[in-house]
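**Q** Next input, structure requested:
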Amino acid sequence: MDKQKIRNFSIIAHIDHGKSTLADRILEFTGAISSRELKAQILDSMELERERGITIKASAVRIDYRAEDGEEYVFNLIDTPGHVDFSYEVSRSLTACEGVLLIIDAAQGVEAQTLANTYLALEHDLEIIPVINKIDLPNADIPKVTHQLEHILGVLPEEILLCSAKDGTGIKDLVENIITRIPPPPGDTDNQLQALVFDSVYDTYRGVIVYFRVMQGEIKKGMIVRMMGRQSDYEVRDLGVFTPGRMNSTDALGPGEVGYFVGNIKTIRDVVMGDTITVAGNPCTKPLAGYKEIHPMVFCGLYPTESSEYELLQEALDKLKLNDASFHYEPENSPALGFGYRCGFLGLLHMEIVQERLEREFNLDLVTTAPNVIYEVKTTKGKTLYVENPSNLPPTTEILTIAEPRIRLTVITPAQFVGAVMKLGMDRRGDYKGIEYLDETQAMLTFEMPLNEIVLDFYDRLKSVSRGYASMDYEHIGYREDKMIKVDILINGERIDALSFICHQESAASRGRNLGARLRKTINRQLFQIAIQAAIGGKIIARESISALRKDVTAKCYGGDITRKRKLLEKQKKGKKHMKQVGNVRIPQEAFMAVLKTD
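**A** From the prediction side, this is the model:
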């Protein structure tokens, strides 16, 4: 393929600004899919994506298009997610592109993730084509959005394209602009092979299928290639490109082309995201830069409800990790829940999606503990520990300081909700840093706040106080010492490590009481009384009791001496006392998630 006729581009935007619909229209206009095959969100292949109406995985597709100049062009289009939790998917996709379509909703205007994705594209030095979408909406305000783009992102008004992905307005102009404004890929066929691995999936019959973009040289069917990260060699059994709904085999791929190869890779761990593929017999001197390492922000425990499913969970996590490089996990053991895994995620939605994928795609039944963040703990022995599980926190006597992770939070909101958003930020221990009015109706607020204050329900609260109009984005800025303490939950005197949490000293008592009250409503009554206590070290700060279920043992006594009834009651009393000593409390999944709702 002549690389001058190739255009690699991504579609980026804030969530729900119309990326997937625009991708559908481009596929329809270029003839990549017939009207019979057309359906909404055609690139969102996951059932979960279609249900929720969001993109979770970036998906690539190859399109052949005959332009107005009569030449045949090849587009490699990547539709990316818009939610902040999946920004790593976006950054990986941008590495395989030379340009992006930046989509802005004509009614919503510039939002937080619009800015974040624009900065990502600028970091990768890509050509940006700004597109105002949904111009057919009755409340579309094109002059306002044009002013925002000009004021915030420095875009010239003549560079902005107008379209409606729903009814197809402006799609032809958009496609022609992709050809004229996005440069062809660099690279030379005669150079040594260098190809970047940007994704992979596991197939039961073919093993690991590796998705890559050729940077230099040429890859051919039958060639022996080397994965430079693991120094392992494989024969290219099958090679091909992505077309809508299927994979098409081909004999060779050159610079700028995006495709897949199958090489009988049986071991999932042999494939690393950002790895370099080269020729085994004549390898390149140094690998490609790859991707910067991503650090999880939110941690939780995943445990199988049946201990026999532990091996199945491990296999499922391995396969999911192959398809989602931003997800981390390691084995752990909980006295309350048995063997499971400590998992790291980029955010709460990411955690929710991974849990749902494990349950749906691998048919697992899981118990999930409440999410928490990673703390920096300095001990009296001079060591620095990074604690992601409250149960791993050293004893209070050995702790010198605890530092919590902090973030810089950017919130874009309509001007009338500035006061409510500011109050929400202050209530969550946020330091207000400033406000900038983007125009007469929209403002951008900046806070610095602890990460653990936003991982639970901050996003829901933000949407609530702004009637759904505010949007947010955040970045990690380091650690800061504060008065953090661990609160333990005891059920009938037994410490339940999965319910422990770390919080600020000022809110420990209220959160402990609140959680105890929620657990009392969640845990079913037993034949003996259950005591629920919140403790800091050896000090009990709150207590709730669940009264015992009582069987009426005297129901069969009608008439006769009172001693008959007393004898039966005494017997029941002895039995209950014994039961309390040996009885175990069954704790449902809802109890572990009650920690989420302690406000």
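
**Q** Look up phi and psi at the nearest residue to residue 384 once chain neighbours are set aside.
**A** Leaving out its chain neighbours, the residue that sits closest to residue 384 by C-beta to C-beta, 6 or more residues apart in numbering is residue 378, at 5.5 Å. Every C-beta, even on glycine, is put in place using the N, C-alpha and C of the backbone. Dihedral pair for residue 378: phi -100, psi 130, per degrees, to the nearest 10.

**Q** can you count the residues close to residue 378?
**A** 15 (other C-beta atoms under 10 Å).

**Q** How about the one 10 residues further on?
**A** Around residue 388 there are 18 other residues, counting by other C-beta under 10 Å.

**Q** give me every residue that touches it.
**A** Residues counted as contacts of residue 388 (C-beta atoms under 8 Å, 6 or more residues apart in numbering) are 299, 342, 344, 372, 373, 374, 375.

**Q** Who's the closest spatial neighbour of the fourth one, skipping the chain neighbours?
**A** Put plainly, it is residue 372. Leaving aside its sequence neighbours, residue 372 sits nearest to residue 299 (C-beta to C-beta, 6+ apart; 5.8 Å).

**Q** And the lowest mean pLDDT element among the helices and strands of the chain?
**A** Every helix and strand of the chain was ranked by mean pLDDT, DSSP states H and E. The lowest is helix 47-52, at a mean of 56.

**Q** Tell me how far whichever helix or strand comes after that helix lies from the chain's centre.
**A** Later in the chain than helix 47-52, the nearest helix or strand by DSSP states H and E is strand 59-66. Relative to its parent chain, strand 59-66 has a centroid offset of 27 Å by C-alpha atoms, centre = their mean, to the nearest Å.

**Q** Pretty sure residue 376 sits against residue 393.
**A** No - under the criterion of C-beta atoms under 8 Å, residue 376 makes no contact with residue 393, lying 11.8 Å away.

**Q** max-length strand in the protein?
**A** When the chain is parsed with DSSP state E, its longest strand is strand 399-414.

**Q** Check the offset of that one from the chain's centre.
**A** With C-alpha atoms, centre = their mean, you get 19 Å for strand 399-414.

**Q** same question, stretch 513-521
**A** Centroid separation between stretch 513-521 and its chain, computed with C-alpha atoms, centre = their mean, is 29 Å.

**Q** Alpha carbons of that stretch, in PDB - could you do that?
**A** Extracted in PDB, the C-alpha atoms of stretch 513-521 (Å, rounded to 0.1, in the frame of the first residue of the first chain):
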ATOM      1  CA  ARG A 513     -21.700   5.300  63.200                       C
ATOM      2  CA  ASN A 514     -23.100   5.700  59.800                       C
ATOM      3  CA  LEU A 515     -21.600   2.500  58.500                       C
ATOM      4  CA  GLY A 516     -22.800   0.600  61.600                       C
ATOM      5  CA  ALA A 517     -26.400   1.900  61.000                       C
ATOM      6  CA  ARG A 518     -26.200   0.700  57.400                       C
ATOM      7  CA  LEU A 519     -24.800  -2.700  58.300                       C
ATOM      8  CA  ARG A 520     -27.700  -3.100  60.800                       C
ATOM      9  CA  LYS A 521     -30.200  -2.700  58.000                       C
END
